[in-house]
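In: sequence and predicted model, in that order:
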Amino acid sequence: MTSMGGQMPSQTPAGAVWTKACLALRSELGEAAFGSWLAQASLREVGGQLVLVTPTGVARDWIRRNAWRRIGELWAQHDPEGRSLDLKSRMEFESETGGMDIIAEAIEVMDPVSTDAPAIAPTPPTRPSRTAGLQERFTFDSFVPGPANEFAHAVARRVASWADGHFNPVVFHSPYGFGKTHLLNALAWEAMRAAPEKRVVYLTAERFLSTFVRAVMDRQTALFKDELRAADLLLIDDVHFVAGKQSTQEELFHTLTALMEDGRRVVFSADRPPAAITEMDARLRSHLSAGLVCGIEPADRGLRMGILERKLASLGRQGGFIAQARPDVLQFLADRFTDSVRELEGALNTLVARMGGEVGALTLDEAQNILRPHLRGAEKRITIDDIQKATAEHFGLRQADLISERRNRSVARPRQAAMWLAKQLTTRSLPDIGRRFGGRDHTTVLHAVRRIEALKAEDAQLARDLEALTRKLRG
Ligand SMILES: Nc1ncnc2c1ncn2[C@@H]1O[C@H](COP(=O)(O)OP(=O)(O)OP(=O)(O)O)[C@@H](O)[C@H]1O
């Protein structure tokens, strides 16, 4: 998680320019669209170039299509220095810069008693407002538990309760976009609520690095150390980021050992188990591995559906409408956007931003059309031929069986599954799919799609077969 948003320090004029632009954009785009797309973008400076960084490619594309020209105008209007502004997704930005974020900010030390708004760059009411680096929307209430994360969730709740005798440090790890930041934020909020007198410090490893670098430059390292070592609970997000950065990881190692010797609690998140962060200093890695290492698995289908339903309800509350979507639309999202929860949410945001309160009327075809630019299948061009080959192989049949007239269950069911996959993974129409399955009528395809949709809910083996085939076909 990164943050700049409304908390840009006053000495950084770029932050003030962005804040002014945001105020205008919020009123022009409306609260729902602004909150969904722009509030989560952050302004970065690297090598003198200013970049607006979005959490996902979906958000970058939305901004480029719907707001970029206006952002350019507002930027030019408010920036006396006439600097140019670039737009990138976080992955693009990090791959180009190696994650070096040059704008330094003060460490966000949370004092739960005083939550004064920053003096400059006031936070517009609808952006996910952050108290000292935390996002308000990332709480335990909004975190949907499921088999993939239930151990991590239970551990986070236990740490947040300040219960004695838990492991220290705790490291949560998961692939990109499966809820680490959300869980760390939720833990921090709950820990502050449970013990308002304790000092909780949350920062990203990126922030740790930039603040440490600035402290060294300003000869303020003692202050930096004191701030961190006064924490009762220190949470560091995305700790893998410091790997390979020698002096920063050394400083982190000393911070960690000092806090632990003093009985303070430390929680990390990482994109891999610590033992696998091979570029990390061995001493730090071994200390991270010595506590409780707790994985969050990629969300399964049930969890993805649960997250969609919760998110839809919250978008409805924000937008002031009753949030509903057709089950086949939600199922399509859950089956199609499996790479990360972030992409899944991005797809739902796209539909809601486009349809607002009318999202409940959206048919599957219309949803697929709206999302077509984001569908990986379209990029990779999965063909019906690919689907037939993979499905036949999976069920021990020949491709010709799927096209044949044979009607016995051992062939008919895989054929229906292949038709369902064709509807999900390609943009072909029903008649087109029918033609490629031995010249069948579109109503046969529609029946197959509906039948598989219904069976999937009650037949766990079939659901697993479809999930495996979907992953295989997407590569
Ligand atoms: N179990 C869940 N319940 C509700 N929302 C979730 C859940 N898991 C992930 N999300 C949502 O998915 C989005 C991405 O999650 P988050 O930023 O926490 O991922 P991350 O693992 O920290 O990613 P990164 O590695 O990129 O930092 C957030 O909007 C988060 O709220």
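Out: Nice, thanks for sending it over. Every value quoted in this text rests on a predicted model; they were computed, and no experiment measured them.
In: what segments of the stretch 1-150 of the chain are helices?
Out: In the stretch 1-150 of the chain, the helices defined using DSSP state H, counting those that start in this stretch lie at 13-29, 31-33, 57-66, 68-78, 90-97, 150-160.
In: gap between the residue of the chain at minimum distance from the ligand and Q399?
Out: Relative to the ligand, the nearest point of the chain is G179 (2.8 Å; Cβ to the nearest ligand atom). Every residue, glycine included, has its C-beta placed from N, CA and C. Per Cβ to Cβ, to the nearest Å, G179 is found 39 Å from Q399.
In: can you tell me which residue is spatially central in this structure?
Out: In the chain, the centroid-proximal residue (Cα atoms, centre = their mean) is R342; its distance is 3.0 Å.
In: got the buried residues for the helix ranked longest in the chain?
Out: Ranked by residue count, the top helix of the chain under DSSP state H comes out as helix 301-319. Neighbour counts using 16 or more other Cβ atoms under 10 Å place 301, 303-309, 311-312, 315-316, 318-319 of helix 301-319 among the buried residues.
In: ok, the nearest residue to T54 once chain neighbours are set aside - contacts?
Out: Excluding its sequence neighbours, the residue lying closest to T54 (Cβ to Cβ, 6 or more residues apart in numbering) is R60, at 4.4 Å. When contacts are counted by Cβ atoms under 8 Å, 6 or more residues apart in numbering, R60 is found next to T54, L87, K88, S89, E92.
In: residues near K225, how many?
Out: Neighbour count of K225, defined by other Cβ atoms under 10 Å: 16.
In: contact partners for the closest residue in space to it that isn't next to it in sequence?
Out: Leaving aside its chain neighbours, K225 sits nearest to T255 (7.2 Å; criterion: Cβ to Cβ, 6+ apart). Counting by Cβ under 8 Å, 6+ apart, T255 touches K225, L228, R229, L234.
In: would you list the buried entries among the residues you listed?
Out: By 16+ other Cβ under 10 Å, the contacts of T255 give K225, L228, L234 as buried.
In: show me the residues you listed that map onto strands.
Out: Among the buried ones among the contacts of T255, DSSP state E puts L234 in strands.
In: and which of the buried ones among the contacts of T255 is nearest to K389?
Out: Closest approach to K389 among the buried ones among the contacts of T255 (Cβ to Cβ): L234, at 52.3 Å.
In: I'd like the distance between A270 and C22.
Out: 31 Å.
In: actually, E458.
Out: 48 Å.
In: compare the two and say which is more crowded by neighbours.
Out: C22 (24 against 8).
In: that one contacts L38, doesn't it?
Out: Yes. Counting by Cβ atoms under 8 Å, C22 touches L38, with 6.6 Å between them.
In: low-confidence ranges, the protein, go.
Out: 1-13, 47, 94-132, 376-380, 475 (pLDDT under 70).
In: any chance you could map the strands in it?
Out: Using DSSP E, strands in the chain cover 42-46, 49-54, 85-89, 109-110, 130-131, 134-135, 170-173, 200-204, 233-237, 265-270, 292-295.
In: what about S89, neighbour count?
Out: 19.
In: and for R464?
Out: R464: 13 neighbours (other Cβ under 10 Å).
In: again with Q461
Out: 7.
In: over to V216?
Out: The burial count for V216: 14, using other Cβ under 10 Å.
In: do you know how far it is from Q246?
Out: 13 Å.
In: do the same with D79
Out: From D79 to Q246 the distance is 36 Å (Cβ to Cβ).
In: the more surrounded of those two?
Out: Set side by side, D79 and Q246 show more neighbours around D79, with 19 against 9, by other Cβ under 10 Å.
In: wait, the more buried one touches W18, no?
Out: No. In this structure, D79 is not within contact of W18 by Cβ under 8 Å, at 9.2 Å.
In: quick one: the longest helix of the chain to helix 150-160, angle?
Out: Orientation of helix 301-319 against helix 150-160 (axes from the mean of the first three to the mean of the last three Cα atoms, to 10 degrees) gives an angle of 50 degrees.
In: which helices and strands does helix 301-319 pack with?
Out: helix 31-33, helix 327-336, helix 341-355 (3 or more Cβ pairs under 8 Å, 6 or more residues apart in numbering; DSSP states H and E).
In: looking at the ones you listed, which is closest to H287?
Out: helix 341-355 (29.2 Å).
In: which residues touch the residue lying closest to A422 once chain neighbours are set aside?
Out: Distances taken as Cβ to Cβ, 6+ apart place I433 nearest to A422, at 4.7 Å, with adjacent residues excluded. Counting by Cβ under 8 Å, 6+ apart, I433 touches I384, M419, A422, K423, T426, H442, V445.
In: same question, L375
Out: L375 neighbours (Cβ under 8 Å, 6+ apart): R336, Q368, T427.
In: what about A39, how many residues nearby?
Out: A39 has 24 nearby residues by other Cβ under 10 Å.
In: nope, S174 is what I meant
Out: Residues near S174, counting by other Cβ under 10 Å: 24.
In: from now on call the first residue 29
Out: That works, and once the first residue is 29, the last one we named lands at S202.
In: so it sits against P301, correct?
Out: No. Using Cβ under 8 Å, S202 is not in contact with P301, being 10.1 Å away.
In: identify the contacts common to these two.
Out: By Cβ under 8 Å, 6+ apart, the residues touching both S202 and P301 are G323.
In: tally of neighbours for A381?
Out: A381: 22 neighbours (other Cβ under 10 Å).
In: W190 too?
Out: Neighbours of W190 (other Cβ under 10 Å): 15.
In: leaving aside the residues next to it on the chain, what's closest to it?
Out: A223 is the one closest to W190 (Cβ to Cβ, 6+ apart), at 5.4 Å.
In: do R92 as well
Out: L115 is the one closest to R92 (Cβ to Cβ, 6+ apart), at 6.2 Å.
In: residue contacts, that neighbour?
Out: Contacts of L115 (Cβ under 8 Å, 6+ apart): V79, L80, T82, R88, I91, R92, W96.
In: export the residues you listed as TSV, with columns for distance to the ligand.
Out: What follows is these, written out as TSV (distance: Cβ to the nearest ligand atom, whole Å):
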residue	distance to the ligand
V79	17
L80	17
T82	12
R88	14
I91	17
R92	21
W96	23
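In: ok, what's across the strand from H201?
Out: Beta-bridge partners for H201, by DSSP bridges, are A298, G323.
In: against A389, how distant is it?
Out: H201 is 41 Å from A389, by Cβ to Cβ.
In: looking at those two, which one has more neighbours?
Out: Remark: of H201 and A389, H201 carries more neighbours, 23 against 11, as counted by other Cβ under 10 Å.
In: surely that one and V295 touch.
Out: No. Using Cβ under 8 Å, H201 makes no contact with V295, being 11.8 Å away.
In: now do the shared contacts for the two.
Out: By Cβ under 8 Å, 6+ apart, no residue touches both H201 and V295.
In: re earlier: any chance of the strands of the chain in CSV, plus distance to A176?
Out: As requested, the strands of the chain are exported to CSV (distance: least, Cβ to Cβ, whole Å):
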stretch, distance to A176
strand 70-74, 28
strand 77-82, 25
strand 113-117, 24
strand 137-138, 29
strand 158-159, 26
strand 162-163, 21
strand 198-201, 12
strand 228-232, 23
strand 261-265, 19
strand 293-298, 15
strand 320-323, 9
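In: thanks again, I'm all set now.
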